[in-house]
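Student: need a 3D model of the following:
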Amino acid sequence: MTDKEDLERELDEVKRRFRSPMDNCVDAMIIITEDGTILDFNPAAEDIFQYKGEETVGQNVSMLMPEPDAALKAAAVPARPISRKRSQ
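Tutor: Presented below is the predicted three-dimensional model:
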């Protein structure tokens, strides 16, 4: 087995571990970038927002906001990355 095959198998395992809680969570989970681009959209979010994940991935999260909030859409997503530091 090559290093590439090992890495591909490891990546598949990481994806599987991530997908299970994402797909089975009863709450809507939407993963977005700092600028609000949707990266992932779980089945509960599909039920709540009435969009399929394929329709939302790559779109801005503002598409999920009601029209009266249109003026606020640009400011809706704080540009604040998640800290990866662990507290001691």
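Student: would you mark the buried spots in stretch 39-56?
Tutor: For stretch 39-56, the neighbour count (16 or more other CB atoms under 10 Å) marks 41-46, 51, 56 as buried. C-betas here are computed from N, CA, C, even on glycine.
Student: which residues are contacting the longest helix that the chain contains?
Tutor: The longest helix of the chain (DSSP state H) is helix 3-24. Helix 3-24 is contacted by residues 29, 40, 42-43 when judged by CB atoms under 8 Å, 6 or more residues apart in numbering.
Student: quick check: the farthest pair among those residues?
Tutor: 40 and 43 (11.1 Å; CB to CB).
Student: what sits in contact with each of these two?
Tutor: residue 53.
Student: any chance of the contacts of helix 3-24 in CSV, with distance to residue 63, secondary structure and pLDDT too?
Tutor: Below are the contacts of helix 3-24 laid out as CSV (distance: CB to CB, whole Å; DSSP: H, G, I helix; E, B strand; the rest coil; pLDDT from 0 to 100):
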residue, distance to residue 63, secondary structure, pLDDT
29, 16, coil, 92
40, 15, strand, 90
42, 16, coil, 94
43, 18, helix, 94
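Student: now the residues you listed as JSON lines including distance to residue 10?
Tutor: Formatted as JSON lines, the contacts of helix 3-24 follow (distance: CB to CB, whole Å):
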{"residue": "29", "distance to residue 10": "23"}
{"residue": "40", "distance to residue 10": "20"}
{"residue": "42", "distance to residue 10": "23"}
{"residue": "43", "distance to residue 10": "26"}
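Student: the spatially most central residue of the chain and residue 7, how far apart?
Tutor: By CA atoms, centre = their mean, the chain has its centre lying nearest to residue 31, at 1.8 Å. According to CB to CB, to the nearest Å, residue 31 and residue 7 sit 23 Å apart.
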